[in-house]
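Engineer: sequence first, predicted coordinates after that:
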Amino acid sequence: FIGDSNTFGKDGPIEKAFPSLVDSASANTVTINLSAPGYSSYQGKVVVQRALSKFCPDVIVASFNFNDRRYVLQGNDVDGAEMFHRTYEQAEWQRRVEMLDRSYIVRLVRSALRHVGFIENDVVQPARVNELSPRVGPEAYRKNLGEIAEMARADGIPLVFLLLRDNPQQTQYLNDGIA
């Protein structure tokens, strides 16, 4: 199984996630849940590329939906190799900053610089809804799913695409905003 939080089983006991239910429904079935909350079809494609060299599945079940359609605040935040490389670099930088923040001297100096105006507090920029981009656009979504299908076909593995409804816990703010 590859997918997002719905496939992973987020917000519920792992034994109630549908990959676990499939596993327990048949004595001859072993499932491997390679899903993760926040994954999009791009990450699913990367997971399949890596997993096929390690596992020989009888079938692949793929389910991606909400995260692909979710809007991002900046156009360069769409899913792809560049964005994930940038995210990795930012995480490495953040790790270094967190190490420095353990020092009271660094905290004191930063506070003093803020106080005299050399460092500005974080400013939240308003988002223009009409300028937002989907995290994975329709063409990229088709391409990602097509590449997953091609990898499965090349290895002779049946592929099932499963389309689930949005998790209501993840859409509440959107529904409130629309209302």
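Structural biologist: Done, it's in. Numbering: from 1, shown residues only.

Engineer: please, where are all the strands along this structure?
Structural biologist: Using DSSP state E, the strands of the chain run over 2-3, 60-63, 71-72, 133-134, 159-161.

Engineer: between those, which has the poorest average model confidence?
Structural biologist: Of all these, the minimum mean pLDDT falls on strand 71-72 (a mean of 84).

Engineer: which elements pack onto that strand?
Structural biologist: Counting contacts by 3 or more Cβ pairs under 8 Å, 6 or more residues apart in numbering; DSSP states H and E, strand 71-72 is packed against strand 133-134. Where C-beta positions appear, they are placed from N, C-alpha and C, glycine not excepted.

Engineer: from the chain's centre, how far out is the longest helix along the chain? Work that out for me.
Structural biologist: The longest helix of the chain (DSSP state H) is helix 81-101. Mean-position distance between helix 81-101 and its chain equals 17 Å (Cα atoms, centre = their mean, to the nearest Å).

Engineer: could you list the low-confidence segments of this structure?
Structural biologist: Low-confidence segments of the chain (pLDDT under 70): 122-123, 167-170, 173-174, 177-178.
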